[in-house]
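what's the 3D shape of this:
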Amino acid sequence: IMDSVMKYVTGFFGGLTTIIMAVLPVTILWQVLTGTTVFGMDVISNLTALVEQLGNGGFVGLVVLVIIASFFTKK
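Next comes the predicted model:
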């Protein structure tokens, strides 16, 4: 029974990740074209801050970036 629960949970989060990755470019494009935020979130500044923090993290930032990238690659 635990195996089916794990498959359900990973399927749910996999689908959620797919939806977020589909919406993200649209929100960036919307913000660039209109200059307004989407749902009150400034997506471009949030991504800029994330990249800046990872860059300032040195080796630890690089390791975190590799871990994050591994979540978004298909195996």
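
CA atoms for contacts and neighbours, from now on please.
Noted.

Please point out which parts of the strand or helix carrying Leu24 sit buried.
For Leu24, the host element (DSSP states H and E) is helix 2-34. Buried residues in helix 2-34, counted by 16 or more other Cα atoms under 10 Å: Thr27, Ile28, Gln31.

Nearest to Leu50, out of those: which one, please.
Of all the buried residues of helix 2-34, Leu50 sits closest to Ile28, with 14.8 Å by Cα to Cα.

hang on, isn't that closest one packed against Ser45?
No - using Cα atoms under 8 Å, Ile28 is not in contact with Ser45; the gap is 10.1 Å.

Is it possible to get a markdown table of the buried residues of helix 2-34 that adds pLDDT and distance to Val51?
Formatted as a markdown table, these follow (pLDDT from 0 to 100; distance: Cα to Cα, whole Å):
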| residue | pLDDT | distance to Val51 |
| --- | --- | --- |
| Thr27 | 87 | 18 |
| Ile28 | 85 | 15 |
| Gln31 | 87 | 18 |
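
now for the helix holding Leu24, which elements pack on it?
helix 43-56 (3 or more Cα pairs under 8 Å, 6 or more residues apart in numbering; DSSP states H and E).

Alpha carbons of the helix it packs on, as CSV, please.
Taking C-alpha atoms only, helix 43-56 is exported to CSV below (Å, rounded to 0.1, in the frame of the first residue of the first chain):
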residue,chain,number,x,y,z
VAL,A,43,8.6,36.9,-11.1
ILE,A,44,11.6,38.5,-12.8
SER,A,45,12.9,40.1,-9.6
ASN,A,46,12.4,36.8,-7.7
LEU,A,47,14.3,34.9,-10.3
THR,A,48,17.1,37.6,-10.3
ALA,A,49,17.4,37.4,-6.5
LEU,A,50,17.5,33.5,-6.7
VAL,A,51,20.3,33.6,-9.3
GLU,A,52,22.2,36.3,-7.3
GLN,A,53,22.0,34.3,-4.1
LEU,A,54,23.2,31.1,-5.8
GLY,A,55,26.0,33.1,-7.4
ASN,A,56,27.1,34.6,-4.0
